[in-house]
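In: Okay, predicted coordinates and the sequence, questions at the end:
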Amino acid sequence: MTLPRLDRAALDELRAGDRLSVPAARTVDCSVGIVHLGLGAFSRAHQAVYTEDAMLAAGGAEWGICGVTQRSADVHDRLAAQDGVYGVLTRGDGRATLRIVGVVREVLDGGAQTEALLDRLADPRIAVVTATVTEKGYRRAAGGGLDTRDPEVRADLAGGADLAGRPPVTVIGRLVRGLARRAHADAGPLTVVCCDNLPSNGTAVQRLVHDFCDALPGAEGGPLAEWIRASVTFPSSMVDRIVPTTTDDDRRDAAALSGRYDAGLVVAEPFSQWVVEDRFAGARPCWERAGVQLTDDVGPFEVMKLRLLNGVHSTLAYLGALRGHRTIAEAVRDDELRAIAEAMIRQDLIPTVEPPDGVDLGGYGHQVLARFADPALRHTCVQVAMDGTQKLPQRLLSAVSESLAAGRHPRYATLGVAAWMAYVARGRDVKGRALPLDDPLAATLGDVRGRTDADGVVDALLRLDAVFGPDLVDHTAWRRELTVDVQTLLTGAVPTVP
Ligand SMILES: NC(=O)c1ccc[n+]([C@@H]2O[C@H](COP(=O)([O-])OP(=O)(O)OC[C@H]3O[C@@H](n4cnc5c(N)ncnc54)[C@H](O)[C@@H]3O)[C@@H](O)[C@H]2O)c1
Ligand SMILES: O=P(O)(O)OC[C@@H](O)[C@@H](O)[C@H](O)[C@H](O)CO
């Protein structure tokens, strides 16, 4: 049977119940105050929900979201057909609940509607920009600056001030062009909140924006950079909620709860956390009324999450995928892998993390593993495994480097790095199924696919200077241990660790 689509009109008919909530009925008429760059699954299950909750708690109707898709029109087309209305299916604790979200009030295809996006960025009613465009979306070079050798960055820089030639396609290109238009329109201050899993993500984006201004041809960049310094802030934020890719099963389960077909559905775990540096240039939603933690220093939260959660996630993803596990839940329920994850948190990672105020790191680690283990959340190992070159530095390598410098032996974190190398090189799990190589450096990584000599694999991959620093490349004892682990993993076994 073909179900009617979820859309604005459906909100009058949906009846909230035990497993269905429809706050969208009260927020769908709000005006737009936020531009979100990268309207992927995560933003719809995280920032959008906090923003809707904040409006519901504090009253007001001015924080609707203009969601912008970056690379393809797919999400735009799905959500536009539903008037921006979609559901969040929360899976966990043995049951699924559905919430209908109404706060996405406008959807733009960043490629086809770049002009409209730049106008929105220059609109005085917009006070906040949020972004989730994946780690690779920022086009960072080794060291964290803007990769001005990237062809799309170069083209955006050459685009000219009036954009007559070619509208920008990169995230930073679009953001800076929008800021230029905002400065010209004297449209007031703006806050840019990066919500990607990058360390010091606000500072990182601020640097990229200024690098872009510095590299602009002609005299345009200097005054623009000055305006940005005076009018725009870039608070860092730590974001946390596991949001796997939506499956047909998810869509079926959601339809059973709402009676509607939802092409914009996202699925998430019950847990959610957002810690934001309290450094806003102008107005903002009352996010604290929705449970957002505003703080002077996000640093400890970021490091804790990127290492204890994401570092372990990536390790389980590579080891799990190699062992033929489909999901993270299966991987963490594998006794051997769980023991590695537990030891890695306890022995390697916790000693590198300064606990945020009031947080017990041991308890945090236990909670992370319990979240991973929920079988209801079918987060696949290969989804977490993608873009390894973009993730490894902040998730594992910084902890490895700090540990070695402090004279400690990061046994399990080293195994995590080896697992990535073996995943790249082996390209098949123990059952012979192919493992996808989804990474912006896939062309280079492809050179080691199929190689069975661990020395050669380690040697080739350690040469990626966007990933590995000289401290690790030149550390002979670490390299030896890494190579032994890669050798074992290439045979399909998991190294025996104490
Ligand atoms: N999914 C999660 O569990 C989760 C949790 C915490 C943080 N995050 C952060 O959110 C990011 C996005 O996750 P998601 O689940 O929404 O993924 P998604 O695949 O649903 O969406 C990715 C978004 O990034 C954009 N994008 C992808 N490649 C890009 C590129 N090269 N340049 C510009 N934009 C690009 C896409 O257009 C899309 O809007 C993650 O990379 C991570 O940094 C995700
Ligand atoms: O979203 P990515 O690709 O940066 O990383 C995959 C997962 O490790 C990540 O999404 C976690 O699920 C998330 O960071 C939990 O908050």
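Out: That came through fine. Numbering: from 1, shown residues only. Ligands and ions are numbered 1, 2, ... in the order given.
In: Dihedrals phi and psi, residue 433?
Out: phi -80, psi 140 (degrees, to the nearest 10).
In: tell me the domain ranges of the protein?
Out: Following the assignment in automatic domain parsing, the chain carries domains at 9-295, 299-490.
In: what residue is smack in the middle of this structure?
Out: Centroid-nearest residue in the chain, with CA atoms, centre = their mean: residue 196, separated by 4.0 Å.
In: would it count as being in a helix?
Out: No: going by DSSP: H, G, I helix; E, B strand; the rest coil, the assignment for residue 196 is coil, not a helix.
In: Tell me if residue 50 really is in a strand.
Out: No: counting by three-state DSSP, residue 50 is not found in a strand; it is helix.
In: Setting aside sequence neighbours, what's the nearest residue to whatever residue of the stretch 251-400 of the chain ends up closest to ligand 2?
Out: Here the stretch 251-400 of the chain gets closest to ligand 2 at one residue, residue 313, 3.9 Å apart by CB to the nearest ligand atom. (Glycine included, C-beta is placed from N, CA and C.) Among residues not flanking residue 313 along the chain, residue 384 sits closest, at 5.4 Å (CB to CB, 6 or more residues apart in numbering).
In: That neighbour: what secondary structure?
Out: Residue 384 - assigned by three-state DSSP - is helix.
In: what residues does this structure put near ligand 2?
Out: Listed as neighbours of ligand 2 in the chain under the rule CB under 6 Å from any ligand atom: 197, 240, 241, 242, 309, 310, 313, 384, 387.
In: Of those, which belong to strands?
Out: residue 240 (DSSP state E).
In: got CSV for the residues of the chain next to ligand 2, with neighbour count too?
Out: Putting the residues of the chain next to ligand 2 into CSV (neighbours: other CB atoms under 10 Å) gives the following:
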residue, neighbour count
197, 23
240, 19
241, 20
242, 24
309, 25
310, 18
313, 26
384, 25
387, 17
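In: one step back: touching, the residue of the stretch 251-400 of the chain closest to ligand 2 and residue 371? I think so.
Out: No: Residue 313 is beyond contact range of residue 371, at 9.9 Å (criterion: CB atoms under 8 Å).
In: circling back to that earlier point, quick one, what contacts the residue nearest to residue 313?
Out: 313, 314, 316, 317, 328 (CB atoms under 8 Å, 6 or more residues apart in numbering).
In: ok, which of the residues you listed also contact ligand 1?
Out: Okay, of the contacts of residue 384, nothing touches ligand 1 (CB under 6 Å from any ligand atom).
In: tell me the contacts of the nearest residue to residue 364 once chain neighbours are set aside?
Out: Once flanking residues are discounted, residue 364 sits nearest to residue 308: 6.0 Å by CB to CB, 6+ apart. By CB under 8 Å, 6+ apart, the contact set of residue 308 is 345, 349, 350, 353, 361, 364, 365, 368.
In: Can I get those residues in a markdown table including neighbour count, secondary structure and pLDDT?
Out: Listed next are those as a markdown table, based on neighbours: other CB atoms under 10 Å; DSSP: H, G, I helix; E, B strand; the rest coil; pLDDT from 0 to 100:
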| residue | neighbour count | secondary structure | pLDDT |
| --- | --- | --- | --- |
| 345 | 24 | helix | 98 |
| 349 | 28 | helix | 98 |
| 350 | 18 | helix | 98 |
| 353 | 21 | coil | 98 |
| 361 | 19 | helix | 98 |
| 364 | 18 | helix | 98 |
| 365 | 22 | helix | 98 |
| 368 | 23 | helix | 98 |
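In: so which of those residues comes closest to residue 287?
Out: Nearest to residue 287 among the contacts of residue 308 is residue 364, at 22.0 Å by CB to CB.
In: I'd say residue 106 and residue 66 touch.
Out: Yes: using CB under 8 Å, residue 106 is in contact with residue 66, at 4.1 Å.
In: joint contacts of those two?
Out: 32, 120.
In: Settle it for me: which of those two has more neighbours?
Out: Neighbours per residue (other CB atoms under 10 Å) separate residue 106 from residue 66, with residue 66 holding more: 24 against 18.
In: ok, and for stretch 275-285, which residues are buried?
Out: By 16 or more other CB atoms under 10 Å, the buried positions in stretch 275-285 come out as 275, 276, 277, 280, 281, 284, 285.
In: One more: stretch 55-63?
Out: The neighbour-count check on stretch 55-63 (16+ other CB under 10 Å) flags 55, 63 as buried.
In: Provide the contact partners of that stretch at residue level.
Out: Under CB under 8 Å, 6+ apart, the answer for stretch 55-63 is 23, 26-27, 29-31, 33-34, 51, 54, 103, 125, 285-286, 289-290.
In: again with stretch 224-232
Out: Around stretch 224-232, the neighbours that count as contacts under CB under 8 Å, 6+ apart are 176, 179-180, 182-183, 188-192, 209-210, 213-214, 216, 281.
In: which among these end up buried?
Out: Those of these that meet the buried threshold are 176, 179-180, 182-183, 188, 190-192, 209-210, 213, 216, 281, by 16+ other CB under 10 Å.
In: List the ones among the residues you listed that fall in strands.
Out: Those of the buried ones among the contacts of stretch 224-232 lying in strands (DSSP E): 190, 191, 192.
In: just checking, the second one touches residue 235?
Out: Yes: using CB under 8 Å, residue 191 is in contact with residue 235, at 6.6 Å.
In: Spit out the residues that contact these two alike.
Out: Common neighbours of residue 191 and residue 235 (CB under 8 Å, 6+ apart) are 279, 280.
In: Can I have the buried ones of the contacts of stretch 55-63 as a ChimeraX selection?
Out: In ChimeraX, this line selects whichever of these come out buried by 16+ other CB under 10 Å:
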select :23,27,30,33,34,51,54,103,285,286,290
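In: Fine by me, thanks again.
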